[in-house]
Each structure stands twice: as structure tokens, then as C-alpha cells.
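Student: Turn this into a model:
(2 chains)
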Amino acid sequence: MKNKTQINAPIKQAQNNLGQSLVEFLICICFVLGFMVMFLRVAISVTDGYLVHYATFMAARTYLVIDDGANRLDYNDNDPRQEVRQVFAKYRRYFFERPENELEIIAPSTFQQANNHYFTGVQYRFSGKLPAPSSVAGVRPQLTSEAFLGKEPTIAGCLEGISRAFREFCSIDNGAGCDHATYDDNGC
Amino acid sequence: MKARFKKNKFKAGKNKFGHKSDAIAKHLVTSRQFMRGQSTVEYILVLGVVISLGIMLLGRSSLFQKYLANNSIFIDGVKNYWEYTYRHGGDPNGRLNSNSVVGQKHDLYQNQEEGASHFFIPAKAYP
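Tutor: Coordinates of the predicted model:
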């Protein structure tokens, strides 16, 4: 025969456990939300990196072909910088705004030796973010995005190149080379 | 709530199990059998919270500073790996020192083992 205390024991036990699940829920929801925020930060960082690569590539395309038709050989060094930066600025992220003036434009004249000319293009350096806890959040990887597509000769450059080729041919055998000369197509 | 508990859930139990308290006890035992995995999951989640709190509280210890803090072995390794893969688009294979600037060695444009470029380039400089 069970007494009253024995009969009510399971009911009281169930009543005492009522708050436990609430506390466990609160602890676990913080952990789960923390995980979600961490993965969100990873996703944003990766997307940001891809977009910067794309913006750099588009800026390099602009630098490759830009030409205002001016009769100046030094056009490929100075004048297109503003246009290239404007193209880069179109693709930057607006909620993680990046200064486009840090975009470095590398002209062919940067190099003293011709065997380094394949580095002609644009380069952009910026600070990334590690999706880490606050204790290590100060770590900022220095990321580099670059696109070395080269530089097409400008109209003035083509004119100069063709004129030089004619002069060189015509100087052979007292001008005999001018009669029968074949020129390779260099894209001009 | 108490009245509904009695009325709905254990009205039939009174006849089936003989006594009302026996029905409640059996219900609690059956419920616990269904909740076997719950404590494991809760343990793992709470362990994660405890570890996170531990990292926050022990963040200034020398062991943490050596392996997990800013400029530590692990974090520097991750940082260098990230910088290399973002720039070169491939696994560094131990070449984390390719912190090259333009005009110097660049893993994407130069075959460092052969000491030559991957590309052909004009012999003469651009006018």
C-alpha cells in the first residue's frame, strides 16, 4: 500500500524539471546563433573576396583597351588612371565600401626590363577579416587581388611602331627593302 | 492545467493500470526512453558553450597566446594560407613566402623551379 508522499513523488519530480529545458534552450540557442553568425561571416568574406577579384579584373580590362586617340606615346602611363578607377568603383561593395584610389595601376614603363612586362595591369591590396572569435578578431590578412592583362598599344604607339618598321626596311640596301616588305600584324 | 492533465491524459489510465500514480510513473518512464538522445545532444551543445566561455576567460594565458591568439602559430598559419590562396588561387604547397611585389617572383607567372616565365613576351620594350 503506497502512502500519499510516494504517490505524489513522480508528479513533484515532473514539476521541478519545468525550468530545466528553458535554461538548456537558452544556452543552446546562443551556441547555435553563434555558429550561424560565424558561417555568415565566412560567406560574406568569401563573397567579398570574389567581388573584389571581379572588380579588379574589370578595371584591368579597361586599362587594356583604353585609348583617347591622342597623339602621345605616354598616354598609357598617366591619363587612363581615372577611368580605370571609375570602373573599379562601379563594382565595389556599397556596404563594405573600399577606396578605389588604393588601386595600383602598373604601366609597362614601370619596368626597366622587358621580361617583366607581363606584370602590366592593376593590383589592389586590402585588409580581409578572419571569421574568428573576438579574442583573435584583430587578425587582418592582407589580401592581394591582381589582374595583369597587359596594355594594347595606343594609336600613337601603333603609328610610331609602323613608322619605325618602315624606316628600318627602307634603310636596307639603299631603299630596296621598301619595294617588297611584309609586316606582321601586331594588332594595330 | 492540472485539471486538464488529470482529465485528458490519465482518465483512461486509471482503469488500465489500476492506480493513477502507476499510470503517471509509467508515462514518465516511457517519456525518458524516447528522450535518450536528447541528453547527448544537449551535452555537446553545452560543451561548446563552456569551451567558448573558457576561451574568453583564459584568453590571456601564455598557452593560449602561443597557439590561438593574434600572431600565434595557428592563427598566423591560417592568415598566411588565406593570403596565398586568395592571391594565387591554389594550394601553397609550402610556398607561403611568396609575398612578392610586382617585378619580383610570382608563382602564377613564373615557374620558380625552372626559373622562367609561363608566358612568351616581346623581346623589345613597348615604345
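Student: tell me the domain boundaries of chain B?
Tutor: B:2-57, B:73-117 (automatic domain parsing).
Student: what's the answer for chain A, then?
Tutor: Using automatic domain parsing, chain A is parsed into the domains A:46-152, A:155-188.
Student: Can you flag the weakest of these by average pLDDT?
Tutor: Across these, domain A:155-188 has the smallest mean pLDDT, namely a mean of 70.
Student: before we move on, which element is residue A:39 in?
Tutor: helix A:20-65 (DSSP states H and E).
Student: Equivalent analysis for residue A:145, please.
Tutor: strand A:142-147.
Student: just residue A:149 next, same as before
Tutor: Residue A:149 belongs to no helix or strand, assigned by DSSP H and E.
Student: Do I have it right that it meets residue A:121?
Tutor: Yes - contact criterion C-beta atoms under 8 Å: residue A:149 and residue A:121 qualify, at 5.2 Å. For every residue, glycine as well, the C-beta is placed using N, CA and C.
Student: the more surrounded of those two?
Tutor: Under the criterion of other C-beta atoms under 10 Å in any protein chain shown, the comparison of residue A:149 against residue A:121 puts residue A:121 first, with 24 against 17.
Student: next one: phi and psi at that one?
Tutor: phi 160, psi -140 (degrees, to the nearest 10).
Student: Look up how far chain B lies from it.
Tutor: 9 Å (C-beta to the nearest C-beta, to the nearest Å).
Student: same check, this time on residue A:22
Tutor: In terms of C-beta to the nearest C-beta, residue A:22 sits 13 Å off from chain B.
Student: Give me the neighbour count for that residue.
Tutor: Neighbours of residue A:22 under the rule other C-beta under 10 Å: 9.
Student: what helices or strands is the biggest helix by length in chain B leaning on?
Tutor: Counting residues, the longest helix found in chain B (DSSP state H) is helix B:36-57. Here helix B:36-57 touches helix A:20-65, going by 3 or more C-beta pairs under 8 Å, 6 or more residues apart in numbering or on different chains; DSSP states H and E.
Student: on contacts alone, who are the packing partners of the helix it packs on?
Tutor: By 3+ C-beta pairs under 8 Å, 6+ apart, helix A:20-65 packs against helix A:81-91, strand A:103-106, strand A:121-127, strand A:142-147, helix B:36-57.
Student: Residue A:63 against residue A:104, yeah?
Tutor: No - Residue A:63 is beyond contact range of residue A:104, at 11.1 Å (criterion: C-beta under 8 Å).
Student: Which one's more surrounded, those two?
Tutor: Applying other C-beta under 10 Å to residue A:63 and residue A:104 shows that residue A:63 carries more neighbours, namely 27 against 15.
Student: got the contact list for the nearest residue to that one once chain neighbours are set aside?
Tutor: Residue nearest to residue A:63 in three dimensions, not counting chain neighbours: residue A:84, with 4.9 Å by C-beta to C-beta, 6 or more residues apart in numbering or on different chains. When contacts are counted by C-beta atoms under 8 Å, 6 or more residues apart in numbering or on different chains, residue A:84 touches A:59, A:62-63, A:66, A:103, A:105, A:122.
Student: would you list every one of the strands in chain B?
Tutor: For chain B, the strands defined by DSSP state E occupy B:110-111, B:116-117.
Student: Give me whichever of the ones you listed is most buried.
Tutor: strand B:110-111 (a mean of 14; mean count of other C-beta atoms under 10 Å in any protein chain shown).
Student: Contacts for that strand, please.
Tutor: B:116-118.
Student: Nearest to residue B:47 among those?
Tutor: residue B:118 (49.6 Å; C-beta to C-beta).
Student: who's in contact with the closest one?
Tutor: B:108-111.
Student: Need these in JSON lines (columns: pLDDT).
Tutor: Output for these, formatted as JSON lines (pLDDT from 0 to 100):
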{"residue": "B:108", "pLDDT": "77"}
{"residue": "B:109", "pLDDT": "75"}
{"residue": "B:110", "pLDDT": "73"}
{"residue": "B:111", "pLDDT": "73"}
